[in-house]
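Asker: with the input below, show me the fold.
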Amino acid sequence: MLRCIAVDDEAFATRLLASYIQKLPGLALAGTTTNPLEALQWVQEGRADLVFLDIQMPELTGLQFLKICGHRCKVILTTAYPEYALEGYEHDVVDYLLKPIAFDRFVRAVQKAQALLPAAAPPALPPPAAPGAPAAPTPDYLFVKGDSKNKYLKLNYADILYIQGLKNYVSIHTAGQRIITYLTLRELAAQLPQPPFVRVHKSFIISLDHLRLVDGHTLHVGQEEILVGDTYREDFFRLIREKG
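Answerer: Here you go, the predicted structure:
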């Protein structure tokens, strides 16, 4: 079992990596942070076997992080800037993932790390909850990046009608506004509770809470009409029948 941490100054990026890590057997999520100094402390304390590390971060860049931590753990770099690839490999990184990170590419990078770390330490387990302690509440919102580096918008799941994919961007529609953010539809889908959110087309995710009418293969969501794609029809109509 490889103990993994995700380090990125943008919270949505750590959430995506965390969701990927939790999907794979053989990986244990040891922590996520937007603070590279905190991550460096975790590595120095021996809490991680594998680090997913962003390059462009304030206070401490990913490359500076690599120089300080040495060979205490294996590192997979994550960044939107391909020009850093060569310098990253000079520090003996396992792999270099370009954002937006597709899940299949993530899996290939992990497989490289597993080949290098066949005898990784077991994951550190969180302390057991006290008897009768209430379960941690499930978040009913997410934050998406705004139009500047440190600007984030809070969106309640209940307010989201549907989401449209636009190459490397998504357009999130609520009753009162439309938000454009740099994220792929696949990345956003990994963060959303399913259901009520359902992928119905290569370019659309809808909220079942706001689905007013199913008319053949046409879905009426708010004031929008969205066609169910061929690839998604069988699963969508099975879900509708189960809830009927």
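
Asker: next SSE downstream of the helix or strand bottoming out on mean pLDDT in the chain?
Answerer: The helix or strand of the chain with the lowest confidence, counting by mean pLDDT, DSSP states H and E, is helix 85-90 at a mean of 52. Under the assignment DSSP states H and E, the closest C-terminal helix or strand after helix 85-90 is strand 95-98.

Asker: could you dump that following strand to CSV, C-alpha only?
Answerer: Taking Å, rounded to 0.1, in the frame of the first residue of the first chain, the C-alpha atoms of strand 95-98 are listed here in CSV:
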residue,chain,number,x,y,z
ASP,A,95,6.4,10.9,-14.0
TYR,A,96,5.0,14.3,-15.1
LEU,A,97,1.3,14.8,-15.5
LEU,A,98,0.0,17.7,-17.5
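
Asker: heading C-terminal from that strand, find the next helix or strand.
Answerer: Counting by DSSP H and E, what follows strand 95-98 is helix 103-116.

Asker: contacts for that next one next, please.
Answerer: Outside helix 103-116, the residues within contact range by Cβ atoms under 8 Å, 6 or more residues apart in numbering are 2, 17, 20, 23-24, 26-27, 50, 74, 76, 94-95, 97, 186, 190. Bear in mind the C-beta positions are built from the backbone N, C-alpha and C, glycine included.

Asker: go with 6 Å
Answerer: 20, 50, 74, 76, 94, 95, 97 (Cβ atoms under 6 Å, 6 or more residues apart in numbering).

Asker: repeat for stretch 4-22
Answerer: The contact list for stretch 4-22, computed with Cβ under 6 Å, 6+ apart, reads 27, 29-34, 36, 39, 42, 48, 50-54, 57, 106, 143, 187, 190-191.
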